[in-house]
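> What shape does this take:
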Amino acid sequence: MSVSSWEPDPTGRHQYRWWDGEQWTDQVADDGIQSVDPVSTTEASLPRDAPPLPPPPPGSVPGAPISDSGSLPPDPLSMLSSRKRRLGAALLEIPLAVVTLGIGYLIWSLIVFARGQTPAKQVLSMRIVRLEERRTANWGWTALRQLVLVGVVGFVLDFVFPGLSLVWLLVNGIVLLATSRRQALWDMMLKTVVIYDPGDLYKRRHSSQTGTND
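As a prediction, this is how the structure comes out:
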């Protein structure tokens, strides 16, 4: 009997499905959240391939708690935020800035940058993670991404040619939709990804390594 584990869903309906060592079960996971989706007899007996993808955020077995030990958290590539959530966060930044009168948004941003977040990303349980270090992006990396590559570059492009910043944002949006890792150009430059982290796995890892309780 083969080892039981989370594997890419052979039915294509979900990101991952639990292989119990003999057949596919009804336990599935999407963006780190488990649910149930029954399989037919034919689907349950589909052959198990050996894909290169790592296991998703759930524990080693369906329903098991996620370990809070000092070991590495789940691979961020198994926790990627969906494209719809990324778009929603981008759109949410605007009303948040308006509601907080701009200055409140700026202060909020400067606080949550240390957690690899923007105000909208915090609201939607998203986090920026450095792939090479497998850690939450610190304040410097997040500020470089948000203030320089998103903000300053857009301002400079508009100074050169009015409206060019919109082209910059549009190109980044197209690249994000087209790449398997859901990275915009600024993510590729900084080797970051945006994950969906409702369980704050990467917040705990950041806190344990920096000795803070943010």
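> quick one, helices of the protein?
41-44, 83-99, 103-112, 119-123, 139-143, 153-160, 164-178, 185-190, 201-210 (DSSP state H).
> So which other helices or strands are in contact with the second one?
Which is helix 83-99. helix 103-112, helix 119-123, strand 126-130, helix 164-178 (3 or more C-beta pairs under 8 Å, 6 or more residues apart in numbering; DSSP states H and E). Where C-beta positions appear, they are placed from N, C-alpha and C, glycine not excepted.
> go on, the fourth one?
With contacts taken as 3+ C-beta pairs under 8 Å, 6+ apart, helix 119-123 sits against helix 83-99, helix 103-112, strand 126-130.
> For the first one, buried residues please.
Neighbour-count burial for helix 83-99, with 16 or more other C-beta atoms under 10 Å as criterion, is recorded at 85-86, 89-90, 92-93, 96-97.
> what about it, average pLDDT?
For helix 83-99, mean pLDDT rounds to 95.
> Nearest to Pro162, out of the helices and strands packed on helix 119-123?
helix 83-99 (19.8 Å; C-beta to C-beta).
> Contacts for that closest one, please.
The contact list for helix 83-99 (C-beta atoms under 8 Å, 6 or more residues apart in numbering) reads 31, 81, 105, 108, 118-121, 123-124, 126, 173, 176-177, 182, 194, 196.
> got the buried residues for stretch 134-150?
135-138, 141-146, 149-150.
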